[in-house]
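Enquirer: requesting a structural model of the entry that follows:
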Amino acid sequence: MSPKSSPPSLRDIAEVAGVSVNTVSRALTGKPDVNAETRARVQALARELGYMPNLLARSLLRGRSWLVGLVVTDCTNPFYAGLIRAAEATLSRRGYGMLLATSNEDSAKESRALTILQEHRVEGILLTAVDVRMDHVQKLLSGRTPVVLLGRRDPAYAGPFVGTDNVAGAERMVRHLIAEGHTQIAHIARSDGATSGGERLAGYRNGLTGAGIGYNRRMVFPAAPTLEGGEIAADWVLGLSPGPTAVFAYNDSQAIGLMRALQNRGKHIPGDYSIVGFDDIQISRLVSPGLTTVAQPVDQIGTRGAEMLVDFVGGNRAPAPMLLQPQLVKRQSAAGISARNIYSERHVIPQQQKRAVSAQTQTRSNRSTRDGP
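Expert: Below is the predicted model:
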């Protein structure tokens, strides 16, 4: 068979093996009424010829595809990378394959991806929706395909869902900053209306008002949930008067972008500003200083979401929502008010030393120039 010919079929294997097409089919699917010698010979020929079963045709015949779709908003986001890994590992253990699609925060692209997955006869869908209130999402949730939402949902939705308690996590972070002596706490919110952004803003507000600190809209800046969004917010932070002593960002990417932009402008973290985030992506422990953040249980979201969907597909009743509790992770990007002067002094003294060394070097350079031939 030449490399350019069509893929080998059951009929091709039957002709080479000298048996019927039905015998080949039963041998390849492990039916017990085919003798061991024939089965081994047919399977060996199938491997040799490069035969691949038509799983779509088989799924139509049997009514099962053993496939699950997963749609995420951004597969380059480290948070979603961890979720994808956990979900795929769980589905594989349960005997399912996974088809992955990304919407890039585009509702129209998300709608097309969901249609394609259903055309491929997936048995269920895991979805991190761009906006769970969109018509195509609501239609999906009311349809026959089992669906489990991950990470984002409408507060009124009581169907299958696994995610983090964003309100509680944000409130806990703000209370931590207040306990460290901060009362001027700014928030970089999410600008695109995602429900998770609204929940974390609510938690920020609850943390302030619960401590008797008034909520001030002037201290909230909407930005994209990216490094660039955090960098853009730096101008806003520097322009606030009176300025904040701490900034709570919607996610770690914003926080790291803000931290980098402020450092590039000569500001010290946490000496001038305490910066904190949400998610605990891997890079948060690698940046300098390490980022104080709220850790989402991303592996649990992926694992429990996949398990919930498989059970749902298997005929169990639609499961109730599952809200997981995040954890506060303390690193070096945030400090108490009383410690800010210490951090600032550690930052200023080396700068003064650098200027003194530079002056001495310039003096020696001038002398060398004057004393030269």
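
Enquirer: where exactly do the helices run in this structure?
Expert: Assigned by DSSP state H, the chain shows helices spanning 10-17, 21-28, 36-49, 55-62, 78-93, 107-119, 135-141, 166-179, 195-210, 227-239, 252-264, 298-313, 340-371.

Enquirer: nearest to residue 156, out of those helices?
Expert: Closest approach to residue 156 among the helices of the chain (Cβ to Cβ): helix 195-210, 10.7 Å. Yep, even glycine has a C-beta here, placed from its N, CA and C like the rest.

Enquirer: and the closest one, what does it pack against?
Expert: helix 166-179, strand 185-190 (3 or more Cβ pairs under 8 Å, 6 or more residues apart in numbering; DSSP states H and E).

Enquirer: for the residue nearest to residue 163 when sequence neighbours are not counted, give me its contacts.
Expert: Leaving out its chain neighbours, the residue that sits closest to residue 163 by Cβ to Cβ, 6 or more residues apart in numbering is residue 151, at 4.8 Å. Applying Cβ atoms under 8 Å, 6 or more residues apart in numbering, we find residue 151 in contact with 83, 128, 163, 164, 196, 301.

Enquirer: who does the fourth one bridge with?
Expert: In this entry, residue 164 is beta-bridged to residue 324, by DSSP bridges.

Enquirer: residue 72 contacts residue 83, doesn't it?
Expert: Yes: here residue 72 reaches residue 83: they are 6.9 Å apart, a contact under Cβ atoms under 8 Å.

Enquirer: anything in contact with each of these two?
Expert: Joint contacts of residue 72 and residue 83 (Cβ under 8 Å, 6+ apart) are residue 128.

Enquirer: how about low-confidence regions in the stretch 51-200 of the chain?
Expert: 53-63 (pLDDT under 70).

Enquirer: could you rerun that using 90?
Expert: 51-66, 74-79, 95, 119-121, 131-133, 153-158, 192-194 (pLDDT under 90).

Enquirer: quick one on the thing from earlier: as JSON lines, the helices and strands packed on helix 195-210 with mean neighbour count and distance to residue 23 would be great.
Expert: As requested, these are exported to JSON lines (neighbours: other Cβ atoms under 10 Å; distance: least, Cβ to Cβ, whole Å):
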{"stretch": "helix 166-179", "mean neighbour count": "21", "distance to residue 23": "58"}
{"stretch": "strand 185-190", "mean neighbour count": "24", "distance to residue 23": "60"}
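
Enquirer: which two from the contacts of residue 151 end up farthest apart in space?
Expert: Using Cβ to Cβ, those reach their maximum pairwise distance at 83 and 196, which is 13.3 Å.
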